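Novice: Provided below for reference: sequence and predicted model.
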Amino acid sequence: MASLDVPLWNSVMSSYTSHDRYDESFELLLKMINVARLKPNEATYVIIIGACSRSGEIEVGRMVHARMIKERMVDDVRLRNSLITLYSKCGALREAREVFDKANFMNVVSWNAMIGGYEQNGEFEQALCLFRRLNGEIVVVKPNRITYLSVLSAVSSVSNLKFGREVHSQVIRSGLDSFTSIGNSLITMYGKVRDVGKGRRVFDRLPVKDVISWNSMLAGYAQNEQCESCIKLFREMSLMRNKLDDHTITIVLSAISSELSSCKLGREIHGYILRRSVWKVINISVYNAILSTYAKSNRLKDAEKIFGQMGERDSYSWNAMMDGYSVNGCYTEAIELFIYLLDQGLGFDHLTLSILLTVCGRLVSIELGKQIHSFTLKQQSSLSGISKLGLNQGSSLPLWRVLLGACHAHKQLETGKRAAAKVLEIEPEDETTHVLLSNLYASFGLWREAVEIRKKMREKGLKKEAGCSWVEIARKKRVFVAGDVHHRNREEIYEKLGELNGRCKETGYVPMIELVLHDVDEVQKEEILSWHSEKLAVSFAVLKAGNARVVRVIKNLRVCGDCHNWMKFVSKIEDREIVLRDSRRFHTFKDGKCSCGDYW
C-alpha cells in the first residue's frame with residue numbers, strides 16, 4: 001500500500017495481538033513511531049496495553065504508560081481501564097489502584113477491572129471493600145454481571161455468609177439472577193459458606209442449567225459432607241442425559257468414598273468412563289479420583305490396576321496409592337513404593353511425608369523403616385526430623401498431627417505435648433488436638449491437666465465431634481451413637497450385644513477399662529465401653545446379616561482399642577469377616593485377627 005494511516009497500523013497490530021504474536025505487535029509500534037513518524041492514538045495504546053496484559057510484559061506496559069502520560073492521553077477511560085487490567089493481571093495491584101484512584105471518570109468497566117484484580121490476586125477483603133464503596137458512590141454506577149461474578153468469588157473465598165446474602169439480594173433486585181453464570185456463582189458461594197440448602201434453592205430456580213450448574217451443586221454437597229444428596233443429584237443428572245465432564249466425575253468420586261455404597265457406584269462410574277469415547281484418553285484427575293475411590297473402598301487390587309494403567313502420574317497419584325496401602329494395612333508395600341519413587345528420581349511433597357510418618361508409626365519392623373533413613377522420622381528423632389525438613393507451617397501441620405496421634409497411641413507424654421504445641425501454634429482452634437492432648441493427660445492419670453484442656457475448649461467454643469457409626473442394610477443407612485436408646489430395634493440390638501459380649505468373654509475377651517478416661521469406678525467404665533456406637537452397629541449388622549459372610553461398618557472417629565479388640569473376638573465366634581472403616585483406615589477382622597496388625 002502506498003499510504004498507511006494510523007487505523008491501518010492499528011489493524012495489523014490488533015491482528016498480531018489476537019494471534020498471540022505479541023513481539024511482532026510491539027515491533028510494529030516502534031516502526032510506526034520511529035519509521036513512519038506517525039503518532040499513536042487512543043486505539044493504538046488500547047491494543048498495545050492489551051498485548052502487554054495477555055503476554056505479561058509489564059515492563060513494556062510501564063514504558064507505554066510513561067509515553068501516554070507524556071502525551072497527556074491518560075484521561076481516556078478506555079486507556080485507564082486497560083492499564084488497570086494490565087497491572088492487575090501482572091500482580092502490580094499498587095500501580096493498578098494508583099491509576100484507578102487518579103481517574104476523573106470511572107465507568108462500570110473501571111470498577112470491574114479493579115475489583116476483579118483484587119479478587120484474582122487473592123486480595124478478597126480489598127475486593128469486597130471496593131464493592132461496598134461502589135454501592136455508596138454518589139454518582140451511581142450500577143454493578144453488572146461481571147461485577148457480581150468477581151464479588152461472589154471473593155465472598156466464597158472468605159466464607160462471609162452475611163455479606164453473601166446481601167450480595168444475593170442485590171443480584172435479585174438488579175434482575176440478574178436469571179443468568180446461568182450468576183446462578184452458578186451463587187451456588188458455589190453458598191456451598192463454600194456452608195449454606196448448601198440455599199444453594200439448592202438457587203439451583204432449582206435456574207431457568208437454564210449447564211454442566212457448571214450441576215457441578216457447582218454437586219461440589220456444594222460434597223464440601224458439606226452431604227454425600228447421599230450428592231449421589232442422588234448425580235443419578236438425577238445422569239438420568240436427564242446431561243453431559244458429564246471430568247470435573248463431574250472427580251467431584252462425585254471424592255464424595256462417594258465416605259459411603260458404604262461407594263464401591264458399587266465407583267465401579268459403575270468407572271465403567272461409564274470406559275464406555276464413553278470422549279474419555280478414550282482419560283484425564284489424570286479422573287484417573288486419580290478412581291484410584292483414590294478404590295483405595296478408600298477396600299478394593300486395593302483395583303487401585304493397583306488403575307495405578308499400573310496410568311501413563312502419567314502426578315504427586316497425587318503416588319500419594320493416593322501409598323495412602324491406599326497404608327489405610328489397608330499394607331505398610332511394607334507403601335514403603336517399597338516410596339523407595340521406587342526415590343529410585344525414579346521423582347519428587348514428593350509434605351503429604352507424602354505425612355503418609356510415611358503414619359506408616360512408620362504402625363510398622364512392627366523398625367529395620368524396614370530404616371530403609372528410608374531420615375524420612376522414617378522415628379519416634380525418638382521425629383521432633384528434630386520434622387523441624388529439619390524446611391517446610392512452611394502449613395506443610396508441616398499434617399506431620400505434627402500424625403506425630404501427636406502416634407504419641408497418643410504409644411503413650412509418649414512429653415513428645416506428645418510438644419507436638420500438640422506445634423499444631424496449636426499453627427491452628428489454635430483445632431479441636432481434635434485439644435481432645436487428643438486431654439486424653440493423653442488422662443491416660444497418665446493427670447486429671448487436673450486433662451480438665452484444664454477441656455475448660456480451654458469450652459472457653460474457645462470448641463466441641464469434640466460426636467462419635468457415631470453406621471451400617472447399610474437393604475440400601476438404608478442406619479446410624480448409631482454411643483448408648484443409643486432411640487433406635488426402633490434397640491431391644492433386640494442390646495440383647496444381641498449382650499449375647500456377643502458373653503460369648504466373647506467366654507473365649508478370652510477382657511474389657512479394656514483403662515481406656516475409659518473418666519474418673520469413675522470399674523463397673524461404670526465397663527458399661528461405658530459396652531455402649532460404644534461401633535459395637536451397637538456391629539451387633540445390628542450381625543443381627544440382620546443372615547448368611548452374609550461380610551459385615552461392613554463405618555465410624556466417623558478413630559475406633560477405640562477396646563472395640564478393636566472386641567471385634568477380633570466377634571469375627572472368630574461368628575465366623576464372619578468384619579470390615580470397619582474409621583477416620584484413619586480400614587480394619588478387616590477375620591479369624592480373631594485384624595489386617596492392621598493392631599497398629600492404627
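Specialist: That came in fine, so what should we check first?
Novice: Check the offset of the helix or strand containing Lys572 from the chain's centre.
Specialist: For Lys572, the host element (DSSP states H and E) is helix 561-574. Taking C-alpha atoms, centre = their mean, to the nearest Å, the mean C-alpha location of helix 561-574 is offset from the chain mean by 34 Å.
Novice: Return the list of helices and strands in contact with that helix.
Specialist: helix 490-506, helix 533-545, strand 577-581, strand 586-590, strand 593-594 (3 or more C-beta pairs under 8 Å, 6 or more residues apart in numbering; DSSP states H and E). All C-beta atoms are positioned from the backbone trio N, CA, C, and that covers glycine.
Novice: need the helix or strand of this protein with the lowest average pLDDT.
Specialist: helix 366-369 (a mean of 46; mean pLDDT, DSSP states H and E).
Novice: Give me the helices and strands touching the helix or strand that Tyr294 is a member of, please.
Specialist: Tyr294 is part of helix 284-296 when elements are defined by DSSP H and E. Judged by 3+ C-beta pairs under 8 Å, 6+ apart, helix 284-296 is in contact with helix 246-256, helix 262-275, helix 300-309, helix 315-327.
Novice: now the angle between helix 262-275 and that helix, please.
Specialist: 150 degrees (axes from the mean of the first three to the mean of the last three C-alpha atoms, to 10 degrees).
Novice: Next, the buried residues of stretch 453-462.
Specialist: Ile453, Arg454, Met457, Leu462 (16 or more other C-beta atoms under 10 Å).
Novice: who's in contact with the most centrally placed residue in the chain?
Specialist: Nearest to the mean C-alpha position of the chain, counting by C-alpha atoms, centre = their mean, stands Gln223 at 7.5 Å. By C-beta atoms under 8 Å, 6 or more residues apart in numbering, Gln223 lies in contact with Gly191, Lys192, Val196.
Novice: returning to what we had before: closest to Ser174 out of the helices and strands packed on helix 561-574?
Specialist: Closest approach to Ser174 among the helices and strands packed on helix 561-574 is made by strand 577-581 (47.7 Å; C-beta to C-beta).
Novice: in the closest one, what counts as buried?
Specialist: Neighbour count says strand 577-581 has Ile578, Val579, Leu580, Arg581 buried, by 16+ other C-beta under 10 Å.
Novice: so His564 touches His587, yeah?
Specialist: Yes. With contact defined as C-beta atoms under 8 Å, His564 counts as touching His587 (6.8 Å).
Novice: The two - which one has more neighbours?
Specialist: Neighbours were counted for His564 and for His587 using other C-beta atoms under 10 Å; His587 has more, 26 against 20.
Novice: The residue lying closest to Leu437 once chain neighbours are set aside is in what secondary structure piece?
Specialist: Using C-beta to C-beta, 6 or more residues apart in numbering and skipping residues adjacent in sequence, the residue nearest Leu437 is Ala420, 4.4 Å away. If you go by DSSP H and E, Ala420 is part of helix 413-426.
Novice: so after that helix, what's the next helix or strand?
Specialist: helix 431-443.
Novice: quick one: that following helix to helix 413-426, angle?
Specialist: 160 degrees.
Novice: Centre of the chain to the helix holding Tyr294, how far?
Specialist: With C-alpha atoms, centre = their mean, you get 15 Å for helix 284-296.
Novice: May I see the buried residues of that helix?
Specialist: Of the residues in helix 284-296, Ile284, Val286, Tyr287, Asn288, Ala289, Ile290, Leu291, Ser292, Thr293, Tyr294, Ala295, Lys296 count as buried by neighbour count, 16+ other C-beta under 10 Å.
Novice: Which of these sits closest to Arg37?
Specialist: Ile284 (54.0 Å).
Novice: before we move on, the earlier item: give the contact list for the residue nearest to Leu437.
Specialist: So Ala420 contacts Leu404, Thr433, Leu436, Leu437, Leu440 (C-beta under 8 Å, 6+ apart).
Novice: repeat for Thr507
Specialist: If you count contacts by C-beta under 8 Å, 6+ apart, then Thr507 has Phe569, Lys572, Ile573 around it.
Novice: can you redo those as a markdown table with neighbour count and pLDDT?
Specialist: Shown next, in a markdown table, are the contacts of Thr507 (neighbours: other C-beta atoms under 10 Å; pLDDT from 0 to 100):
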| residue | neighbour count | pLDDT |
| --- | --- | --- |
| Phe569 | 21 | 94 |
| Lys572 | 19 | 93 |
| Ile573 | 15 | 93 |
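Novice: Would you format the helices and strands packed on helix 284-296 as TSV with mean pLDDT, distance to Ser53 and mean neighbour count included?
Specialist: Below are the helices and strands packed on helix 284-296 laid out as TSV (pLDDT from 0 to 100; distance: least, C-beta to C-beta, whole Å; neighbours: other C-beta atoms under 10 Å):
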stretch	mean pLDDT	distance to Ser53	mean neighbour count
helix 246-256	86	27	23
helix 262-275	75	38	16
helix 300-309	89	41	16
helix 315-327	89	32	23
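Novice: hmm, who's touching stretch 457-470?
Specialist: By C-beta under 8 Å, 6+ apart, stretch 457-470 touches 260, 428-429, 431-432, 434-435, 438, 477-482, 532-534, 536-537, 553-557.
Novice: Filter those down to the buried ones.
Specialist: For the contacts of stretch 457-470, buried by 16+ other C-beta under 10 Å: 260, 432, 434-435, 438, 478, 480-482, 532-534, 536-537, 553-557.
Novice: so what's the residue nearest to Gly405 when sequence neighbours are not counted up against?
Specialist: Excluding its sequence neighbours, the residue lying closest to Gly405 (C-beta to C-beta, 6+ apart) is Leu436, at 6.8 Å. Applying C-beta under 8 Å, 6+ apart, we find Leu436 in contact with Leu404, Gly405, His408, Gly416, Ala420.
Novice: can you list the weak-confidence ranges in the stretch 1-150 of the chain?
Specialist: 138-139 (pLDDT under 70).
Novice: Mind jotting down where the helices sit in it?
Specialist: 6-18, 22-34, 42-55, 58-70, 77-89, 93-101, 108-120, 124-136, 145-158 (DSSP state H, counting those that start in this stretch).
Novice: Ile339 is nearest to which of the ones you listed?
Specialist: helix 145-158 (39.4 Å).
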